[in-house]
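Enquirer: sequence? don't have it. structure:
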Ligand SMILES: Cc1ncc(COP(=O)(O)O)c(C=O)c1O
């Protein structure tokens, strides 16, 4: 924003302008600062920068102007319109990461120590599940998994195990789009002194702002809707305790080395400017497709939280602006029907990931959730015949025609 005191009236304006820093050479867009280090006018200035006495960049693992623009933009979006307990505009600090998994692992490692436990939901991204179940236990950090759609069960789990230090969830979750009640869960967790963290990747801050309910940390895989064009892997970690983010979080982030890079940060900044218009179109298309699939004779079940038949429809309505652009569905013909349908697609793209302009379909049981044991997958609704779809922004009649001929 040319005038930094200008107050945007809506999310669209904010997404375009927030976080922008005037380039010293007057470039319109913040450039790709492809430089590993930053120089000093004198040794004394270098000393002042290292001691924190003087602001300024030092080394790109620690910070870089292109990262700063991305960090400030996401922090502005996640806090837009929110206030703190004193009624002042809520502030958050963000650390740009190399991937969503770098954001999640940095979050867990900066908050937990040997002997601590994380309470989480059974419906989670496969990589997060792998980290919780197979990587962190070697450090003495383990997970307690409960059905967090019932805050009563969450409270019972917390009371039963005093080692639980953190509540961690995704909502909507990958790939069943199950939702948990952020407000109710945060209240329960705070009553018992837990740290609360939310993966907001599927919703984005345009659809849902977890800080509104007192969540402490938010993580995103920016690879998805925030970037919006599938051009870069990335992640971001946000916290609303500014002092913690500036001190311990930054120290651990620097040591773990999960920083982004200037090119990916540039792609992210420019992708995020269109978040509002993209999400409106994604969500509008998703609703039409869910209604179409629900009526289709070849389809056994549609998981889309915008449909009143989805068990978490009411929660999604309560905490999300629109129900989102992710859904999954099961075909009556099971696994083979799913494979045949995927192979017949003419417009939609067969791939993992999500959040790009084009419609993407994948098969979680053999792809994103392959590392999750079959019995566990089935129990959590990730059946062999389940197909996940990230609804794109093509003209709706083209997506519907493609799905129709493929089904
Ligand atoms: C909900 C969610 N969180 C985190 C991740 C991990 O993100 P990344 O692949 O950027 O490391 C993914 C990846 O698909 C995801 O879907």
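Expert: Everything's here; your move. None of these values were measured; they are calculated from a predicted model.

Enquirer: Tell me how many other residues crowd residue 353.
Expert: Residue 353 is surrounded by 16 other residues when neighbours are defined as other Cβ atoms under 10 Å. All C-beta spots, glycine's among them, are computed from the backbone N, C-alpha and C.

Enquirer: give the contact list for the residue nearest to residue 256 when sequence neighbours are not counted.
Expert: The spatial neighbour of residue 256 that comes closest, neighbours along the chain excluded (Cβ to Cβ, 6 or more residues apart in numbering), is residue 106 at 5.5 Å. Going by Cβ atoms under 8 Å, 6 or more residues apart in numbering, residue 106 touches 95, 97, 237, 249, 252-253, 256, 258.

Enquirer: try 10 Å
Expert: Applying Cβ atoms under 10 Å, 6 or more residues apart in numbering to residue 106 gives the contacts 95, 97-98, 219, 235, 237, 249, 252-253, 255-259.

Enquirer: Intersect those with the contacts of the ligand.
Expert: When Cβ under 6 Å from any ligand atom is applied, the members of those adjacent to the ligand are residue 235.

Enquirer: of the contacts of residue 106, buried ones?
Expert: Among the contacts of residue 106, those scoring as buried are 95, 97-98, 219, 235, 237, 249, 252-253, 256, 258-259 (criterion: 16 or more other Cβ atoms under 10 Å).

Enquirer: and which of these is nearest the ligand?
Expert: For those, the closest approach to the ligand (Cβ to the nearest ligand atom) belongs to residue 235, at 5.3 Å.

Enquirer: Surely that closest one touches residue 71?
Expert: No: using Cβ atoms under 10 Å, residue 235 is not in contact with residue 71; the gap is 11.6 Å.

Enquirer: Surely residue 46 is in a helix?
Expert: Yes: in this structure, residue 46 lies within a helix as judged by DSSP: H, G, I helix; E, B strand; the rest coil.

Enquirer: Now do the contacts for it.
Expert: Counting by Cβ under 10 Å, 6+ apart, the residues that residue 46 touches are 38-40, 54, 56, 58.

Enquirer: now with 7 Å?
Expert: residue 40 (Cβ atoms under 7 Å, 6 or more residues apart in numbering).

Enquirer: ditto for the one 4 residues further on
Expert: In this structure, residue 50 makes contact with residue 58, judged by Cβ under 7 Å, 6+ apart.

Enquirer: Where do the strands of the stretch 301-407 of the chain begin and end?
Expert: Along the stretch 301-407 of the chain, counting by DSSP state E, counting those that start in this stretch, strands occupy 326-331, 349-350, 360-362, 386-390.

Enquirer: Including mean neighbour count and distance to the ligand, could those strands go into a markdown table?
Expert: Supplementary listing: the strands of the stretch 301-407 of the chain in a markdown table, determined by neighbours: other Cβ atoms under 10 Å; distance: least, Cβ to the nearest ligand atom, whole Å:
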| stretch | mean neighbour count | distance to the ligand |
| --- | --- | --- |
| strand 326-331 | 24 | 9 |
| strand 349-350 | 14 | 15 |
| strand 360-362 | 22 | 10 |
| strand 386-390 | 25 | 10 |
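
Enquirer: Can you lay out these as a markdown table showing mean pLDDT and distance to residue 212?
Expert: Below are these laid out as a markdown table (pLDDT from 0 to 100; distance: least, Cβ to Cβ, whole Å):
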| stretch | mean pLDDT | distance to residue 212 |
| --- | --- | --- |
| strand 326-331 | 95 | 21 |
| strand 349-350 | 96 | 34 |
| strand 360-362 | 96 | 29 |
| strand 386-390 | 94 | 25 |
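
Enquirer: which residues does the residue of the chain found nearest the ligand contact?
Expert: When Cβ to the nearest ligand atom is the measure, the chain has its nearest residue to the ligand at residue 100, with 2.3 Å between them. Residues counted as contacts of residue 100 (Cβ under 7 Å, 6+ apart) are 201, 219-221, 223, 235.

Enquirer: about what we covered before: and of the contacts of residue 106, the nearest to residue 339?
Expert: The shortest gap between residue 339 and any of the contacts of residue 106 belongs to residue 235, at 31.5 Å (Cβ to Cβ).

Enquirer: So for the closest one, what's the pLDDT?
Expert: At residue 235, the model reports a pLDDT of 98.

Enquirer: Just confirm it contacts residue 94, I think it does.
Expert: No: using Cβ atoms under 7 Å, residue 235 makes no contact with residue 94, being 10.4 Å away.

Enquirer: any chance of the strands of the stretch 301-407 of the chain in JSON lines, with distance to residue 338 too?
Expert: What follows is the strands of the stretch 301-407 of the chain, written out as JSON lines (distance: least, Cβ to Cβ, whole Å):
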{"stretch": "strand 326-331", "distance to residue 338": "5"}
{"stretch": "strand 349-350", "distance to residue 338": "11"}
{"stretch": "strand 360-362", "distance to residue 338": "10"}
{"stretch": "strand 386-390", "distance to residue 338": "5"}
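
Enquirer: Tell me the first helix or strand C-terminal of the helix or strand containing residue 77.
Expert: When elements are defined using DSSP states H and E, residue 77 is found to belong to helix 65-79. Heading C-terminal from helix 65-79, the first helix or strand you meet, by DSSP H and E, is strand 93-97.

Enquirer: Residue ranges of each domain in the protein, please.
Expert: The chain breaks down into these domains under automatic domain parsing: 11-272, 275-406.

Enquirer: So what's the gap between the last one and the chain middle?
Expert: Here domain 275-406 shows a centroid-to-chain-centroid distance of 18 Å under the convention Cα atoms, centre = their mean, to the nearest Å.

Enquirer: Can you name the residues bridging to residue 197?
Expert: Legend: beta-bridge partners of residue 197 under DSSP bridges are residue 168, residue 217.

Enquirer: Provide the count of other residues in contact range of the closest residue to residue 288 other than its chain neighbours.
Expert: Closest residue to residue 288 apart from its sequence neighbours, by Cβ to Cβ, 6+ apart: residue 396 at 5.2 Å. Applying other Cβ under 10 Å, we find 17 residues neighbouring residue 396.

Enquirer: My guess is residue 396 contacts residue 285. True?
Expert: Yes: here residue 396 lies in contact with residue 285, judged by Cβ under 7 Å, at a distance of 5.2 Å.

Enquirer: What separation do you get for the residue nearest to residue 288 and residue 35?
Expert: When distances are taken as Cβ to Cβ, to the nearest Å, residue 396 and residue 35 turn out to be 44 Å apart.
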